[in-house]
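Asks: quick one: sequence and predicted model below, then my questions.
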Amino acid sequence: MSELVFTRINTKINTSGPIILSMNAAELIVLAQEKRKDKYINRIFIFRNRDGYLRHRYQIETSKKITGVQKSGDLFLFIIHMDYKDGMVHEEPNIYVWHPIKGFCHSFYGGRYIRSMTVDSANHLWLGYDEAGIFSCLDDDISSKGVTRFPFTDGTWKSRCESFCTYPHLIDHFYGAYAEKNALYLHYHTLGEDYIRKVDLQGETLSFQKADFDFSAQFKIDSSYYFLIRNEASCRIDKALKFHNMTKQAGQYQLTDKVSRKALRFTQVTAYQDKAAGIDESNRLYLLS
């Protein structure tokens, strides 16, 4: 089996709580969260994508649990955990925008049970929802479409969202969105089958096809697509599949440490354009070499 090589980042994340990973075109964002009495302590680490250099670290306190993070420019977006009841309208803000100097500066309602948050190369925000949000017995809720686009204008994301046509599919469950420079790939489930849909940055469909395998993240290098795969037995991400033009499988890869040449087993991965990163069971971080 061929190897897909990752380089370890020297900074180890020490925490007893959950860790959240995300990426943009230039940075790896790591949020380590711990609960202390009635508050959450969130430590944020910003690494440079190309070499793992630690650029910034921050610490913020919140009264509610953060379940997702993304960054665009100097602005951070946090998904705040909320509980909902089917059939009852509850549109309290659950997306909070934070600036390292200004603090929390904007918030809005992003929909129920947000599973995925991605910012594309034009800074538009894409939110995807799991089945609890889609089938919440509220037909006019923004979650019901499965995925929603929030335009970036005047320096922030507007609470006015833009849904787009997912014809011929009605999304039952949304897995994730993966960015290219001028497009986005939407991975979702409908009527018992999984699909990957390519859309432009305005949400117009360019193509779609069935996905007959599960994957945790997707990225593209040159004309080849790579999918990071979770082992069903170990529940760890330990291999990748390579495809040419999304249709022809070109190989299977073992994830390997660049220095030790040992096999890697990630608990979580993230990807953006041609970059990927993962964290292992000992909270060691790795970047795709």
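Replies: Looks like it came in fine. Residues are numbered from 1 along each chain as shown.
Asks: any idea how far Ala122 is from Met1?
Replies: 38 Å (C-beta to C-beta, to the nearest Å). Bear in mind the C-beta positions are built from the backbone N, C-alpha and C, glycine included.
Asks: could you do Gly103 as well?
Replies: Gly103 is 26 Å from Ala122, by C-beta to C-beta.
Asks: ok, now how distant is Asn245 from Met88?
Replies: Asn245 is 46 Å from Met88, where distance means C-beta to C-beta.
Asks: wait, Tyr188
Replies: Using C-beta to C-beta, Tyr188 is found at 26 Å from Met88.
Asks: now Lys262
Replies: 51 Å.
Asks: show me what the helix or strand where Leu241 lies is in contact with.
Replies: Using DSSP states H and E, Leu241 sits in strand 237-244. Contacts to strand 237-244, defined as C-beta atoms under 8 Å, 6 or more residues apart in numbering, come from residues 1, 4, 213, 215-216, 223-231, 249-255, 263-269, 278.
Asks: check which residues of stretch 198-208 are buried.
Replies: Residues 198-199, 201, 203, 208 are the ones in stretch 198-208 that count as buried (16 or more other C-beta atoms under 10 Å).
Asks: now for those: which two are most distant?
Replies: Pairwise distances across the buried residues of stretch 198-208 (C-beta to C-beta) peak at 16.6 Å, for the pair Leu201 and Phe208.
Asks: okay, now Glu61: neighbour count?
Replies: Counted with other C-beta atoms under 10 Å, residues neighbouring Glu61 total 9.
Asks: for it, which non-adjacent residue is closest in space?
Replies: Distances taken as C-beta to C-beta, 6 or more residues apart in numbering place Lys39 nearest to Glu61, at 5.3 Å, with adjacent residues excluded.
Asks: what residues does that neighbour make contact with?
Replies: Contact analysis of Lys39 by C-beta under 8 Å, 6+ apart lists 61-63.
Asks: pick out whichever of those sits closest to Leu127.
Replies: Thr62 (19.2 Å).
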